[in-house]
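**Student:** how would this look folded up:
(chains A and B)
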Amino acid sequence: MPWSVLEALRNNPELLIESMKKRCMDPKPVYEAIEVDREWRRLLQEVERLRHEHNKITKEIAKAKDPEERKKLIEKAKEIIRMKEELEKKLKELERKREEILLSLPNLVHPSVPEGCDDDHNVPVRFWGRPKVWKGHLKQFEEQTKRWGFEVDHEVLEERPVGHADMLEKVLRLGDTYKAAQVASSRFYYLFKDLVWLDYALMMYAMDYLSKKGFILVEPPYMLRYKVLRGVIDVETFKDAIYKIENEDLYLIATSEHPLAAYKMEEIIDESRLPIRLAGVSPCFRKEAGAGNRDLKGIFRVHQFHKVEQFVFARPEESWDVLEELIRNAEELIKGLELPYRVVNVCGGELGAPAAKKYDLEVWYPAQGRYRELVSASNCTDWQSYRLRIRYRIKGGKKHDYVHTLNSTALATTRTITAILENHQLPDGRVRIPKALRKYLEPFEAAPKEYIEPWEGV
RNA sequence: GCCGGGGUCGCCUAGCCUGGCCAGGGCGCCGGCCUGCUAAGCCGGUGGGGGAAACCCCGCGCGGGUUCAAAUCCCGCCCCCGGCGCCA
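**Tutor:** Sure thing, here's the model as predicted:
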């Protein structure tokens, strides 16, 4: 019984209940799960006893030579089957219910996760860079820094910068979300010229960085089956994020995390191969059904974008170190883009069901006057590996155990572009390209090198 | 998409026609014996679940069915290989 949630359910339910409370969830399903699991085990024993009876008779029949005796035994066997089938029906129903509840339970929360139900309670752990703060935002800037005891050096702007959406559509004119809305729907976009180069340069930059760190580049399937997806996300994510292909058991991926996790589905990994570091490269498709009217303008929150993703299969004892490694990698990438950021430890109420702990990396948006999420790094411990049956063979031991899975954004292109548009804009309407991207633009004659220039349109 | 062959305990493989007798063997791994050490050799273990334990149940791609009894027979689905068709 190695899955930590089931283990806790039976031996330490307090832990699960505390976890649920920390997530601002009703702990009722836990009590229900305990009850159903107990009843399931009780009934299972009864059924197994009858199965045993039946198995014994079956063996006797096989040996019996006398036709009369045979007949009698078969009658007896049928009698047992009648009883067995009745109980088995009940057991099956209970099993279905037990499965349903177990799969609905979120992961156990790590002790270092802050209390709180909304992102107001996310706790900043460190800041980097020198944000440009418009004088009208100084108060809210302090709310996001000083309130948490951080003294963040910043530059005060007299003029309010242009928002990323206006930069895109009105100043640079390198994006068109209005036409995209007409032909697809809102939250789609056309990107042109320099921003297309920028999109691909960002991808290459992240791919290059992660490869050097020993991550294996992976282009995964962009669609998955239901049962696979169910192993890596919770119902809420399913509802709000996932597009389905009509008349097929296929769903568009919301992130390459999902096909990467599934890569080792139903396998036993040799311990000597762990940790396995993967860098997923893919488009992502998201319904954003729960987003309402938030961030409707521009390309901050869109239905499709490109992303390089870090994903790791790790031994349980090393996974917490790996989480730190993943967020540090993301930080290095954002530093290279010269974007001021902070890292927050996400509070219990804002954790997704699979995550035991999550760091968000939030970049400062000078026109909006707030830090906004560009990167999210989670340790999902054994929540996904239990569902996908991904285990590892422990060296020197006999037992198998579930691996831990971790994931973190490296770079998501459209959102990163918005951060660049807002942070690196110049008074003349151009946008400065961070030097780190230079390498990935240099080989192409038509690609911009130092600045993104406004355009007159098609 | 059509036709044919196949999917067995970490890997390889036997069993399927002819239903019952722990799913047999090899490799790998773990433990023990032996040994100055290593190798070889020998013995045992090596999937999931329930049970305090003894022990029991389930497991041969997945799901149904037939039968007292299914890896084995029947039906549906998934996947792999070969051939044909289509195709960036």
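
**Student:** Show me where the stretch 1-150 of chain A has its helices.
**Tutor:** All helices of the stretch 1-150 of chain A, identified by DSSP state H, counting those that start in this stretch, fall at A:4-11, A:13-22, A:28-63, A:67-104, A:138-144.

**Student:** got the contact list for residue A:9?
**Tutor:** Residue A:9 sits next to A:16, A:30, A:33, A:34, A:37, A:105 when contact means Cβ atoms under 8 Å, 6 or more residues apart in numbering. Any C-beta I mention is one placed from the backbone N, CA and C, and that applies to glycine too.

**Student:** Tell me the one of these nearest RNA strand B?
**Tutor:** residue A:37 (7.8 Å; Cβ to the nearest atom of the strand).

**Student:** burial measure for the closest one, as a count.
**Tutor:** By other Cβ atoms under 10 Å, 18 other residues sit near residue A:37.

**Student:** so what pLDDT did it get?
**Tutor:** What the model reports as pLDDT for residue A:37 is 92.

**Student:** which residues touch it?
**Tutor:** A:6, A:9, A:10, A:98, A:102.

**Student:** Same check on residue A:370?
**Tutor:** Taking Cβ under 8 Å, 6+ apart, we find residue A:370 in contact with A:140, A:144, A:364.

**Student:** Quick check: phi and psi at the residue nearest to the last one when sequence neighbours are not counted.
**Tutor:** I take that to be residue A:364. Spatial nearest neighbour of residue A:364, excluding adjacent residues (Cβ to Cβ, 6 or more residues apart in numbering): residue A:131 at 4.0 Å. With angles defined as degrees, to the nearest 10, residue A:131 sits at phi -70, psi 150.

**Student:** count of neighbours near residue A:131?
**Tutor:** Neighbours of residue A:131 using other Cβ under 10 Å come to 26.

**Student:** just checking, it touches residue A:339?
**Tutor:** No: counting by Cβ atoms under 8 Å, residue A:131 does not reach residue A:339; the two are 9.3 Å apart.

**Student:** Now for the residue in the stretch 201-350 of chain A that RNA strand B sits nearest to: which residues touch it?
**Tutor:** At 4.7 Å from RNA strand B, residue A:268 is the closest residue in the stretch 201-350 of chain A, using Cβ to the nearest atom of the strand. Counting by Cβ under 8 Å, 6+ apart, residue A:268 touches A:391, A:392, A:393, A:400.

**Student:** For it, give me phi and psi.
**Tutor:** phi -110, psi 120.

**Student:** For it, report the pLDDT, please.
**Tutor:** As predicted, residue A:268 sits at a pLDDT of 86.

**Student:** just for the stretch 251-400 of chain A, where's the confidence low?
**Tutor:** Along the stretch 251-400 of chain A, the model assigns pLDDT under 70 to residues A:396-399.

**Student:** The same query, at a cut-off of 90, please.
**Tutor:** Within the stretch 251-400 of chain A, the stretches with pLDDT under 90 are A:266-274, A:288-296, A:317, A:389, A:391-400.

**Student:** Would you map the helices across it?
**Tutor:** Secondary structure of the stretch 251-400 of chain A by DSSP H, counting those that start in this stretch: the helices cover A:257-262, A:319-336, A:383-388.

**Student:** which of these sits most buried?
**Tutor:** Burial of the helices of the stretch 251-400 of chain A is given as mean neighbour count (mean count of other Cβ atoms under 10 Å); helix A:257-262 ranks first at a mean of 26.

**Student:** what does that one contact?
**Tutor:** Helix A:257-262 has contacts (Cβ under 8 Å, 6+ apart) with A:218, A:220-222, A:224, A:228-229, A:231-233, A:253, A:278, A:280, A:282, A:309, A:311, A:384-385, A:388, A:390, A:405, A:407.

**Student:** coming back round to it: where among the helices of the stretch 1-150 of chain A is average confidence lowest?
**Tutor:** Mean pLDDT values for those show the minimum at helix A:67-104, a mean of 85.

**Student:** Check which helices and strands that helix sits against.
**Tutor:** Helix A:67-104 sits against helix A:28-63, with contacts defined as 3 or more Cβ pairs under 8 Å, 6 or more residues apart in numbering; DSSP states H and E.

**Student:** How about residue A:216: what's its closest non-neighbour residue?
**Tutor:** residue A:278 (5.3 Å).

**Student:** picking that back up, mind giving me a markdown table with the helices of the stretch 1-150 of chain A and columns for distance to residue A:201?
**Tutor:** Below are the helices of the stretch 1-150 of chain A laid out as a markdown table (distance: least, Cβ to Cβ, whole Å):
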| stretch | distance to residue A:201 |
| --- | --- |
| helix A:4-11 | 41 |
| helix A:13-22 | 41 |
| helix A:28-63 | 46 |
| helix A:67-104 | 41 |
| helix A:138-144 | 30 |
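
**Student:** got a list of what the residue lying closest to residue A:214 once chain neighbours are set aside touches?
**Tutor:** Spatial nearest neighbour of residue A:214, excluding adjacent residues (Cβ to Cβ, 6+ apart): residue A:277 at 5.8 Å. Counting by Cβ under 8 Å, 6+ apart, residue A:277 touches A:210, A:213, A:214, A:215, A:216, A:310, A:311, A:312.

**Student:** Which of the contacts of residue A:9 ranks first by neighbour count?
**Tutor:** Among the contacts of residue A:9, residue A:16 has the most neighbours (other Cβ under 10 Å), with 26 neighbours.

**Student:** what about that one, distance to residue A:29?
**Tutor:** The gap separating residue A:16 from residue A:29 is 9 Å, by Cβ to Cβ, to the nearest Å.
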